[in-house]
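1. predicted model follows, preceded by the sequence.
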Amino acid sequence: MITFEEATALVTGAAHPLSVETCGLSECLGRVLAADVFADMDMPPFDKSAVDGFACRRQDMSNPLRIIETIAAGKVPVAKIGTNECSRIMTGAMLPQGADIVLMVENTETTGEFARFTGKQSAINICFIAEDIHKDDKVLSAGIRIKPQHVAVLASVGCHSPVVCRKPIIGVISTGNELVEPEEQALAGQIRNSNGWQLMAQVQKAGCNAHYFGIADDSPEGTHAKIASAEAKCDIILLTGGVSMGDYDYVPGVIAEAGFTTLFHNIAVQPGKPTIFAVKDHTYLFGLPGNPVSAFVQFELIIRLLIDKITGCTDPQPMLRLPLGQDYKRRKSDRKSFLPVKIKFNEVFPVDYHGSAHIHAYVEADGIIAVNIGETEIQKGALVDVRQL
């Protein structure tokens, strides 16, 4: 059995980058940017008005100003501002030559062809050329996971087909004769397959393509057939169940027969101790415990790490450092423990949690905290790292 830190090192060490491709702006949200993006022009590209108002010279702003032009956004000014002159200007419009201030329309009044400033003082109200970005500046770095604000930047610099990492294809397989699909009525001795659909949702949330391969029966032949089908299509294969030491836990042996090399089998963590990680060329396989919390937590902590590594994602998973809102104690400390927590008024409170089968506890959870090996208690007020969900 290895430590959690040793397991994550093995996972990241086995990772190989995926290929890259281009995509349109309407398809790039959530993708990992694979190449730096540079500005093709200054931003703003010209001095422009930050408000609706009147552009004039500051030295004349206390005088009546003759309106010589109206400048709409997108129009190039024709007239130059002279003594005691102004141009009516709209937000975003190009500043006319000679003007060095824009008086907000709310602080002016007009009579005929004249405007007069009625305020006591005024900001300049000008956005100057290149005050945000200079041409050829790097505006986005490779490795970010593209968010809506990044899409805006891509559009602003004309990067309409960004280079992104190919989406990982992840196959999900559930194992167990006791499982039936959610639309079926569970008979005596049966349960509905929640793990498979939980993992499908986690895969999709992680920005990957999810493929569901159904339920493998508890036989070496059935499990091997599912793995072979997934291997032909997927970068990562996720199996749940059949990874422990029971009579029907065929997964470890079948993985070896399928040509995969197992890098670890057991991790000193709770939940998720009997987690398997195996590789075959550039295909990765995780055998996850059948308990839903174990599968959920190991996906968030280890599988997400592999996804980030093969896609070149450098964005850290969202973390908060907050004080614990109550004392926490446990009896055994031989494994690293992960607990669901709720954030209330900038404090962290452990959620009522009954063990690795209690997935309902995570309905109320905002995140996960770790209790390290050797720790039996954490006192109220101690700062803890919260992995947000």
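-> Arrived safely, thanks for sending.

2. which residues in the protein form helices?
-> 4-14, 148-156, 195-205, 220-231, 251-257, 292-298, 304-311 (DSSP state H).

3. among those helices, which is the most enclosed?
-> Among the helices of the chain, helix 292-298 has the highest mean neighbour count (mean count of other CB atoms under 10 Å), at a mean of 26. Placement of C-beta: from N, CA and C, glycine included.

4. other SSEs contacting that helix?
-> With contacts defined as 3 or more CB pairs under 8 Å, 6 or more residues apart in numbering; DSSP states H and E, the packing partners of helix 292-298 are helix 195-205, strand 283-288.

5. can I get the ones you listed in TSV with distance to residue 41 and mean pLDDT?
-> TSV is the format used below for the helices and strands packed on helix 292-298 (distance: least, CB to CB, whole Å; pLDDT from 0 to 100):
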stretch	distance to residue 41	mean pLDDT
helix 195-205	36	96
strand 283-288	42	96
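
6. quick one, which of the ones you listed is nearest to residue 362?
-> helix 195-205 (9.5 Å; CB to CB).

7. what's next to that closest one, contact-wise?
-> By CB atoms under 8 Å, 6 or more residues apart in numbering, the surrounding residues in contact with helix 195-205 are 170, 172-174, 182, 209-210, 212, 214-215, 238, 240-241, 288, 290, 292, 295-296, 299-300, 303, 359.

8. now, of those, which are buried?
-> 170, 172-174, 210, 212, 215, 238, 240-241, 288, 290, 292, 295-296, 299-300, 303, 359 (16 or more other CB atoms under 10 Å).

9. go through stretch 178-190 and flag the buried ones.
-> 178-180.

10. centre of the chain to that stretch, how far?
-> Here the centre of stretch 178-190 is set off from its chain's centre by 34 Å, with CA atoms, centre = their mean, to the nearest Å.

11. quick one: mean pLDDT for that stretch?
-> If you average the pLDDT over stretch 178-190, you get 87.

12. contacts for it?
-> Contacts for stretch 178-190 (CB under 8 Å, 6+ apart): 191-194, 197, 215, 241.

13. now stretch 121-132
-> By CB under 8 Å, 6+ apart, stretch 121-132 touches 42-51, 53, 61, 95, 100-104, 107.

14. for PyMOL, write the select line for the buried members of these.
-> In PyMOL, this line selects whichever of these come out buried by 16+ other CB under 10 Å:
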select buried, resi 42+43+44+47+48+49+50+51+53+61+95+101+102+103+104+107
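
15. among the contacts of stretch 121-132, which are in strands?
-> The members of the contacts of stretch 121-132 that map onto strands under DSSP state E are 48-49, 53, 101-104.

16. how much space between the residue of the chain positioned farthest from its centre and residue 183?
-> Of all residues in the chain, residue 112 has its C-alpha farthest from the mean position, at 55.6 Å, by CA atoms, centre = their mean. Going from residue 112 to residue 183 by CB to CB, to the nearest Å gives 75 Å.
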